[in-house]
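> any chance you could fold what I've pasted below:
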Amino acid sequence: MIKWNYAYRAARKGPWEEMARDRDRFRGRVHRTGQILNPILTAEHRESIWHNRFANDESANVMEEVENSME
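Prediction:
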């Protein structure tokens, strides 16, 4: 029985187990990163940052003119 038990365990282990673990780890990392980045990528946040950084800059006026001309 000891040899059979070893053979059974050896037959069950394989590269697919490592790939499954890696897939789950990657999925978790993507999920955690998404939770951090999603608020930053909202249109409201991006617009507020753009206005905070470029509202008093002459290039902002140029960019607004370009955006308005494209509409």
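
> contacts, neighbours, all on C-alpha from now
Fine.

> any idea of the mean pLDDT for stretch 22-31?
Per-residue pLDDT over stretch 22-31 has a mean of 97.

> which residues of the chain score low on pLDDT?
Under the criterion pLDDT under 70, the flagged ranges of the chain are 1-4, 7-12, 57-63, 66, 71.

> distance of residue 14 relative to residue 65?
Counting by CA to CA, to the nearest Å, the separation of residue 14 from residue 65 is 60 Å.

> so which elements touch the helix or strand where residue 27 lies?
Assignment of secondary structure by DSSP states H and E places residue 27 within helix 15-37. Using 3 or more CA pairs under 8 Å, 6 or more residues apart in numbering; DSSP states H and E as the contact criterion, helix 15-37 has no neighbours among helices and strands.

> tell me which helix or strand comes right after that helix.
The first helix or strand that comes after helix 15-37 along the chain, using DSSP H and E, is helix 43-54.

> next one: that following helix to chain centre, how far?
Here helix 43-54 is found 21 Å from its chain centre; the criterion is CA atoms, centre = their mean, to the nearest Å.

> what's the helix holding residue 27 in contact with?
Under the criterion CA atoms under 8 Å, 6 or more residues apart in numbering, not a single residue lies in contact with helix 15-37.

> gap between it and the chain center?
Remark: helix 15-37 is offset 11 Å from the chain centroid, using CA atoms, centre = their mean.
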